[in-house]
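Undergrad: Sequence plus predicted model, see below.
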Amino acid sequence: MSTIAYITFRGMLGRRRALLLFALPAVLLLLSIGLRLTGNADLDTATALLTQFGLGALLPLLALLAGTGVISPEIDDGQIMYLMTKPIARPVISTTKYLVAVVLVIGFGVVPIFISAVIMNGLTAGLATGFALGALVGGIAYCALFIAIAVVSRFAVTIGLIYALVWENLLARYAAGAKTLSIRQWAISITDLTTNATAVTSDVHGSTAVPLLVALTAIGVLFAGWKLRTLSITGTD
Amino acid sequence: MSVLELRDVSRWYGNVVAVNGVTMTVGPGVTGLLGPNGAGKSTLIHMMGGFLSPSNGQVGIDGQRIWKNPSVYRHIGLVPEREAAYDFLTGRQFIRSMAKLHKLPQPGAAADRALGMVEMLPPADRAIGTYSKGMKQRVKMASALVHDPAVLLLDEPFNGMDPRQRLQLMDLIRKMAAEGRTVLFSSHILEEVERLAHHIEVIVAGRHAASGDFRAIRRLMTDRPHMFAIRSSDDRRLAAALIADASTRGVELTASGLAVEAVDFRRFAQLLPQVARTADIRLLEVSPADESLESVFSYLVAS
């Protein structure tokens, strides 16, 4: 398991797209430093930045990069054959890769979101811990969704982008039903449960969000493992 | 000693049949899987390697099913055709990782042994991305050898190699077979297969067209009617002299010379210069008219 994780980390951090992993949280940190220095870092503004940019853009994009990046390129160019021709149960391969994606999202998403909240407001009203927890839970679910898409489709990045941008950002804004099925809303709901800040308001109740988060994560991870067991790699002829 | 067994194996993609009712047994020694591009060789190797489920029939090793059975990889080493092999790792890191994934007791020593077998120890600490095509092929070979498997599957291993690398790899494959391994490699080049394989399986258009040692395949190929295009100083007289012998079945005078159909290749090859000398005819050009591999294959399929 550690060997698969080692190769996956090396692959993720060695590629050019690793720059994006660094760039996205850097933007968040720079924005929060800017707000703090100009004296605009009140609770409402901080909440808006963390909700809109942190949970709304940074988190899904990072999870998309990590969740698909840990497995998609290897399936595309056939490298996954080197892992699959080993006496290892295939779900172990996909689950290890999933865990690598989660670790990357924690490192490049959850931690920067926490630091950004601390920069703006310290630990006031549990805002920083609330957003960190929301991001962690959201990141875990996003990665499960994206890795599941990555083992079925070569267009995982596009499908993931459509989900994050169109479904969560556009449809969920206008349609209440779409909101219920939005990882972003679930993450906000978890943040809402753990912070005292009144600026954080969620549209999905915790009693709905928690079971959905657990179910999506479990289904995503199990599905990826099941799918990898029967993944067909076709020849060149 | 391990034996790969394919029983009535077919694989189709939608309406397209890639492999059609193939039955074969591959035992110790070198077996060449010969066929033109697109014949279904890769599809067959992918099924033997457990990357593709047969739509029909069974693929097994020593009585064990291969599909959905990762434990068989203790006995199988596979070298895929595609070049990609973790370019960001060094050769040594790559092979060591493969050894660890096999849960070998001493992964470092096993990696060095495998790298030594393919003579890749000196550049082992360079990133794979910097390797030449031949070096990549050898490091891929080391990845398949690291756990000392009884069966080696090589998908078009000679593709893109220069003649020297080709000879090296041939030696290595012979060595593997001499150690009692079952080695199967695919190729669309007759000469490669003939030089290396003691047993040949011919695949054409998804069908198992012929099977046997290279002499048997060679015989099938030489015994078929051969077409030659000949130009000489006196085509008409040469035609008359050739048709008088039983090795020639037909002669046609064409605008550019003679089109000759020979049924006994060896006898015809000896006869032609003799006839020309006796009749004092100068041969200006003798060229095989249908020597392309495809025509050889299509003959094999028809017979």
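TA: All right, it came through fine. Numbering: from 1, shown residues only, chains lettered A, B, ... in the order given.
Undergrad: Residue of the stretch 101-250 of chain B closest to chain A, please.
TA: Using Cβ to the nearest Cβ, the single residue of the stretch 101-250 of chain B nearest to chain A is residue B:101, 4.2 Å away. (Glycine included, C-beta is placed from N, CA and C.)
Undergrad: Find the residue at the geometric middle of chain B.
TA: Chain B has residue B:187 as the residue nearest its centroid, 3.0 Å off, counting by Cα atoms, centre = their mean.
Undergrad: so residue B:211 is in which element?
TA: strand B:207-212 (DSSP states H and E).
Undergrad: Quick one: list the elements packing against that strand.
TA: strand B:16-26, strand B:199-204, helix B:214-222, helix B:293-302 (3 or more Cβ pairs under 8 Å, 6 or more residues apart in numbering or on different chains; DSSP states H and E).
Undergrad: Please repeat the previous calculation with a cut-off of 10 Å.
TA: Judged by 3 or more Cβ pairs under 10 Å, 6 or more residues apart in numbering or on different chains; DSSP states H and E, the packing partners of strand B:207-212 are strand B:16-26, strand B:29-34, strand B:199-204, helix B:214-222, helix B:293-302.
Undergrad: rewinding a little: I'd guessed the residue of the stretch 101-250 of chain B closest to chain A sits against residue B:111; true?
TA: No. With contact defined as Cβ atoms under 10 Å, residue B:101 does not count as touching residue B:111 (11.5 Å).
Undergrad: Quickly list what's touching both of those two.
TA: B:143, B:146 (Cβ atoms under 10 Å, 6 or more residues apart in numbering or on different chains).
Undergrad: before we move on, back to that, distance from the chain centre to the strand holding residue B:211, please.
TA: Taking Cα atoms, centre = their mean, to the nearest Å, the mean C-alpha location of strand B:207-212 is offset from the chain mean by 13 Å.
Undergrad: cool, and stretch B:264-276?
TA: With Cα atoms, centre = their mean, you get 30 Å for stretch B:264-276.
Undergrad: Send over that stretch as PDB, restricted to the C-alpha atoms.
TA: Extracted C-alpha coordinates of stretch B:264-276, given in PDB (Å, rounded to 0.1, in the frame of the first residue of the first chain):
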ATOM      1  CA  ASP B 264       7.500 -25.600 -55.800                       C
ATOM      2  CA  PHE B 265       9.500 -22.600 -54.500                       C
ATOM      3  CA  ARG B 266      12.800 -24.400 -53.900                       C
ATOM      4  CA  ARG B 267      12.900 -26.200 -57.200                       C
ATOM      5  CA  PHE B 268      11.900 -23.100 -59.100                       C
ATOM      6  CA  ALA B 269      14.600 -21.100 -57.500                       C
ATOM      7  CA  GLN B 270      17.200 -23.600 -58.700                       C
ATOM      8  CA  LEU B 271      15.600 -24.100 -62.100                       C
ATOM      9  CA  LEU B 272      15.300 -20.500 -63.200                       C
ATOM     10  CA  PRO B 273      19.000 -19.700 -63.500                       C
ATOM     11  CA  GLN B 274      19.800 -23.100 -65.000                       C
ATOM     12  CA  VAL B 275      17.100 -22.700 -67.700                       C
ATOM     13  CA  ALA B 276      18.300 -19.200 -68.500                       C
END
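Undergrad: What are the contacting residues of stretch B:263-274?
TA: So stretch B:263-274 is contacted by B:221-226, B:228, B:230, B:232, B:238, B:241-242, B:244-250, B:260-262, B:275, B:283, B:286, B:288 (Cβ under 10 Å, 6+ apart).
Undergrad: Any of these buried? List them.
TA: Among the contacts of stretch B:263-274, those buried by neighbour count (16 or more other Cβ atoms under 10 Å in any protein chain shown) are B:221, B:224, B:226, B:228, B:230, B:232, B:238, B:241-242, B:247-248, B:260-262, B:275, B:286.
Undergrad: For chain A, which segments count as helices?
TA: Ranges of helices in chain A, per DSSP state H, are A:2-14, A:18-37, A:43-49, A:59-69, A:72-76, A:80-84, A:90-105, A:111-121, A:127-152, A:156-161, A:172-174, A:176-180, A:183-194, A:206-229.
Undergrad: looking at the ones you listed, which is closest to chain B?
TA: helix A:2-14 (4.0 Å).
Undergrad: what is the orientation angle of the closest one with helix A:90-105?
TA: 40 degrees (axes from the mean of the first three to the mean of the last three Cα atoms, to 10 degrees).
Undergrad: which stretches of the chain aren't confidently modelled?
TA: By default, I'm working from chain A. A:234-237 (pLDDT under 70).
Undergrad: The intended chain is chain B.
TA: If you take pLDDT under 70 as the line, chain B has these spans: B:218, B:221-222, B:290-303.
Undergrad: quick one, what contacts residue 200?
TA: Went with chain A since none was named. Per Cβ under 10 Å, 6+ apart, neighbours of residue A:200: A:43, A:47, A:50-51, A:125-127, A:130-131, A:134, A:188-189, A:191-194.
Undergrad: Not quite, go with chain B.
TA: The neighbours of residue B:200, taking Cβ under 10 Å, 6+ apart as the test, are B:30-34, B:187, B:190, B:193-194, B:210-218.
Undergrad: Tell me which helix or strand the residue of chain B at minimum distance from chain A sits in.
TA: The nearest approach of chain B to chain A comes at residue B:42, 2.6 Å away (Cβ to the nearest Cβ). Assigned by DSSP H and E, residue B:42 belongs to helix B:41-48.
Undergrad: Check whether the next helix or strand after that helix comes into contact with chain A.
TA: As assigned by DSSP H and E, the chain's next helix or strand after helix B:41-48 is strand B:56-61. No. Strand B:56-61 lies out of reach of chain A by Cβ under 10 Å from any Cβ of the partner chain, never closer than 12.9 Å.
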